[in-house]
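K.L.:
This is a predicted model, with the sequence first.
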There are 2 protein chains.
Amino acid sequence: MPNDISALADRQDLYALSLEGQRLLFTEARTALKFSDEPVDDEQLRAIWELFKWAPTGSNLSPMRILYVRTDDAKKRLVPLLTPPNRPKSESAPVVAVVAVDSEFGEYGAHLCPSVPGLQEVLAANPALRDASGNFNAALQAGYFVLAVRAAGLAAGPMKGFNAEAVDAEFFPDGRWKSILLVNIGRPAEDAWGERMPRLAYEQAVQLV
Amino acid sequence: MPNDISALADRQDLYALSLEGQRLLFTEARTALKFSDEPVDDEQLRAIWELFKWAPTGSNLSPMRILYVRTDDAKKRLVPLLTPPNRPKSESAPVVAVVAVDSEFGEYGAHLCPSVPGLQEVLAANPALRDASGNFNAALQAGYFVLAVRAAGLAAGPMKGFNAEAVDAEFFPDGRWKSILLVNIGRPAEDAWGERMPRLAYEQAVQLV
């Protein structure tokens, strides 16, 4: 039963998160493709951050950054850099988060990980390690971010279909932040959803030894 | 106030997730460094999956895989491949999840994304695209996984400090799965926690246009 969203719905003793929370974040949450006109204000964006920031990263270095694109002018600069099928999604979203990795995230090493002195210097001396760590941890944080958006009662629409080099040139001309994902954010329109796609069976993705 | 976990605690109207859920997954959740003897059973591992599997990935291709290491024999094969400071953490954990990317995740393309025919062939013809997509989406899913473990009432201890090549040679000798992260899982011991480290300020990580 690959599309049975409640395979364990009769086993709520297995969860610490309430059934409402499970539905909000996981089992009934969907990727919105179209948004209502309801705006998203500054406090809502800060509320997302106040949850998101606590989820763990390697050596606590937290390399993910967010550019929220909200104004009409900024949206007009962004939308042409998306693949054509993604343009109407971001056009209808009151906010589009450009999720990025800060290539100089090591700068905050002494502040974020005081128990490991010299992290900034180690990363600066090893750009391959720095980039691998930054890219992995920023993608890990992007997962936290999608769920934090949902926790704030907003629909999220993550998308990889955009020209990252062009987005970086347009919005991050100093070269420090590198875009890795876009997330449309807002209240879903009534017809926001596509058909739900299947998932792998447990046995296809999980092994035990 | 970088370590104030409740900067918006008086603004619960900004959240759809309950305060209890916020605490469980984000604001009071911590990376456990030591675990109690209480075992984690098969149903708990499946409960994690039943939430985790629904979180979104690019073209729904869901490349992350999990090897749960539970038996004494398997633990003895794994622990020497960790950096020395990480060994006692995994030794005390009833389960260690080896989080991996399936390098042949495109095999399930027709099943997982039927609306885009030929995905498997596109990925097979472009190994660089396949690996970039697999690595990004598996890391994104690792973020969902950490929060799903917490939703199941268990403590998670994600760690990058291990010899990935040696783990792959030991546990994935056919070369198909590639380890990207370890996550210790169980009930926390009483002295499971280190000091909580600071986080970036909103203004250091977020921009608006």
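P.N.:
Looks like it came in fine. Just so we're clear, the structure is a prediction, and the values are computed from it rather than from any experiment.
K.L.:
Now the spatially most central residue of chain A, what are its backbone angles?
P.N.:
In chain A, the residue lying closest to the centroid (Cα atoms, centre = their mean) is A:Ala142, at 3.3 Å. The phi/psi pair for A:Ala142 (degrees, to the nearest 10) reads phi -60, psi -40.
K.L.:
Now do the same contact list for the residue in chain A that chain B sits nearest to.
P.N.:
Nearest residue of chain A to chain B, counting by Cβ to the nearest Cβ: A:Gly143, 2.2 Å away. Yep, even glycine has a C-beta here, placed from its N, CA and C like the rest. By Cβ atoms under 8 Å, 6 or more residues apart in numbering or on different chains, A:Gly143 lies in contact with B:Ala55, B:Ala139, B:Leu140, B:Gln141, B:Ala142, B:Gly143, B:Tyr144, B:Phe145, B:Val146, B:Leu147.
K.L.:
Out of the residues you listed, which two are the most distant from each other?
P.N.:
Greatest spacing in the contacts of A:Gly143, by Cβ to Cβ: B:Ala139 and B:Leu147 (13.9 Å).
K.L.:
Now stretch A:156-172 - C-alpha only, PDB.
P.N.:
Only the C-alpha atoms of stretch A:156-172 are listed here, as PDB (Å, rounded to 0.1, in the frame of the first residue of the first chain):
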ATOM      1  CA  ALA A 156       6.300  25.300   0.800                       C
ATOM      2  CA  GLY A 157       7.200  24.700  -2.800                       C
ATOM      3  CA  PRO A 158      10.800  23.600  -3.100                       C
ATOM      4  CA  MET A 159      12.200  23.700  -6.700                       C
ATOM      5  CA  LYS A 160      15.600  22.900  -8.300                       C
ATOM      6  CA  GLY A 161      14.500  24.100 -11.700                       C
ATOM      7  CA  PHE A 162      16.300  27.400 -12.000                       C
ATOM      8  CA  ASN A 163      19.600  28.800 -13.500                       C
ATOM      9  CA  ALA A 164      21.700  28.900 -10.300                       C
ATOM     10  CA  GLU A 165      24.600  30.700 -12.000                       C
ATOM     11  CA  ALA A 166      22.300  33.400 -13.300                       C
ATOM     12  CA  VAL A 167      20.500  33.800  -9.900                       C
ATOM     13  CA  ASP A 168      23.900  34.100  -8.200                       C
ATOM     14  CA  ALA A 169      25.100  36.800 -10.700                       C
ATOM     15  CA  GLU A 170      21.800  38.700 -10.300                       C
ATOM     16  CA  PHE A 171      21.400  38.600  -6.500                       C
ATOM     17  CA  PHE A 172      24.800  37.600  -5.100                       C
END
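K.L.:
Contacts made by it with the rest, please.
P.N.:
A:31-33, A:35, A:67, A:69, A:77-78, A:81-83, A:85-86, A:89-90, A:93, A:98, A:100, A:142, A:146, A:149-150, A:175, A:177-185, B:56, B:58, B:133, B:136, B:209.
K.L.:
just stretch A:188-208 next, same as before
P.N.:
Contacts of stretch A:188-208 (Cβ under 8 Å, 6+ apart): A:2-3, A:30-36, A:92, A:155, B:42, B:45-46, B:49, B:53-54, B:60, B:62, B:64-68, B:70, B:102, B:108, B:111-115.
K.L.:
Can you flag the buried ones in these?
P.N.:
Taking 16 or more other Cβ atoms under 10 Å in any protein chain shown as the criterion, what is buried in those is A:30-36, A:92, A:155, B:45-46, B:49, B:53-54, B:60, B:62, B:64-68, B:70, B:102, B:108, B:112-113.
K.L.:
Those residues in helices, which ones?
P.N.:
Using DSSP state H, the members of those that fall in helices are A:Ser92, B:Leu45, B:Arg46, B:Trp49, B:Leu112.
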